[in-house]
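A.B. asks: With the sequence up front, the predicted model follows.
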Amino acid sequence: MTRSRLLICLLGTALVACDASLAVSYVNETPTQVTVYPYGLPYTAGKRVIAPGQRAGDTLLANGGDSAHMARVEAYDADGVLIFCHSYKVGELRGLSGVVRIRSGQDDCQ
């Protein structure tokens, strides 16, 4: 293997090993369509619209250790009413295997 190929392989391995992201699935366990905002309503770029009983995938940054804040997931119904809110830490989401279950009435962000 040439020196340049070896360098490219090592660089590629280092980049993958330093990936600070976590795959997440939002599961809509409500009877209505919801709009999920992974970083709260002010950040609309990452929003996901999910039908009842469906799921949507995402990749979120997981900077810091397990105790670091990762995401404030908010979900709104079709009328714009907040029906779900939870602030996740990196370790919590890892412990849930990246699965966020959207359930009506769960709001512990207050």
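C.D. replies: All right, it came through fine.
A.B. asks: what pairs with the helix or strand harbouring Cys85, and is each one parallel or antiparallel?
C.D. replies: Secondary structure assignment for Cys85, by DSSP states H and E: strand 82-89. Strand 82-89 sits in its sheet next to strand 69-76 (antiparallel), strand 106-107 (parallel), going by DSSP bridges.
A.B. asks: Would you reformat the ones you listed as CSV and include distance to Gly53, mean neighbour count and mean pLDDT?
C.D. replies: To be clear about C-beta, it is placed using only N, CA and C from the backbone, and glycine gets the same treatment. Converted to CSV, the strands paired with strand 82-89 look like this (distance: least, CB to CB, whole Å; neighbours: other CB atoms under 10 Å; pLDDT from 0 to 100):
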stretch, distance to Gly53, mean neighbour count, mean pLDDT
strand 69-76, 14, 21, 93
strand 106-107, 17, 14, 88
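A.B. asks: Turn these into TSV, columns for distance to Val90.
C.D. replies: Output for those, formatted as TSV (distance: least, CB to CB, whole Å):
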stretch	distance to Val90
strand 69-76	5
strand 106-107	20
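A.B. asks: Tell me the first helix or strand C-terminal of the strand holding Cys85.
C.D. replies: helix 90-95.
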